[in-house]
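Enquirer: my questions concern the predicted model and sequence given below.
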Amino acid sequence: MTSRRPRDLEAERARLRAAADRLLAGTPLRSTSGKLTASELLRESGLRRDVAYVDHKDLVEEFQAHVEAQNATPAARQELADKYAEAKGKLAAVIEELAKERVITCALRRIVAGLDLELRQSREEPEQSENVTRLPATRRRASRR
């Protein structure tokens, strides 16, 4: 027959309090979602459900009361949500600007291709360029100071 180790109720209460503080602060160690639920509290504390609800129900209820008072969103999580929304807005603006730049780039490529074609044609037809009369260059006056 195996004998069980006696449980340390104060250590369990301390674990629950520390887990609640971490969740409410938005800095969980074990919880992957960071949600403010009793299940996440138990996951964060590492205690079994039966242990928490039988011996430490008052702490679970206290945590739930804090959650209600905090509107169920930890400050750190709200800050991250705000930063995400801001980054999402900036990304949308950059995507829109990129689309405009792509349209401009496409038009410039067409212009360059047309000018390149004209240049090639003018080089291939030298006899036509002999018929062009050149106008005298305008003389620039020297500035007097």
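Expert: Thanks, I have it. Residues are numbered from 1 along each chain as shown.

Enquirer: low-scoring stretches of this protein, by residue?
Expert: Applying pLDDT under 70 to the chain flags residues 1-2, 71-75, 126-134, 140-145.

Enquirer: that one: helices as residue ranges?
Expert: 9-25, 38-45, 49-55, 57-69, 75-124, 126-130 (DSSP state H).

Enquirer: any idea which of those helices is most buried?
Expert: helix 38-45 (a mean of 20; mean count of other CB atoms under 10 Å). Where you see a C-beta, it was placed from the backbone N, CA and C, and this is true even at glycine.

Enquirer: now that helix: how far from the chain's centre is it?
Expert: 27 Å (CA atoms, centre = their mean, to the nearest Å).

Enquirer: could you do stretch 41-49 as well?
Expert: With CA atoms, centre = their mean, you get 30 Å for stretch 41-49.

Enquirer: got the contact list for it?
Expert: Contact partners of stretch 41-49, identified using CB atoms under 8 Å, 6 or more residues apart in numbering, comprise 12, 15-16, 18-20, 22-23, 28-31, 52, 56, 60, 63.

Enquirer: mind running it again at 7 Å?
Expert: 12, 15-16, 19-20, 22-23, 28-31, 52, 60, 63 (CB atoms under 7 Å, 6 or more residues apart in numbering).

Enquirer: about what we covered before: of all the helices of the chain, which lies closest to Thr138?
Expert: Comparison of those against Thr138 by CB to CB identifies helix 126-130 as nearest, at 21.9 Å.

Enquirer: all good on my end, thank you.
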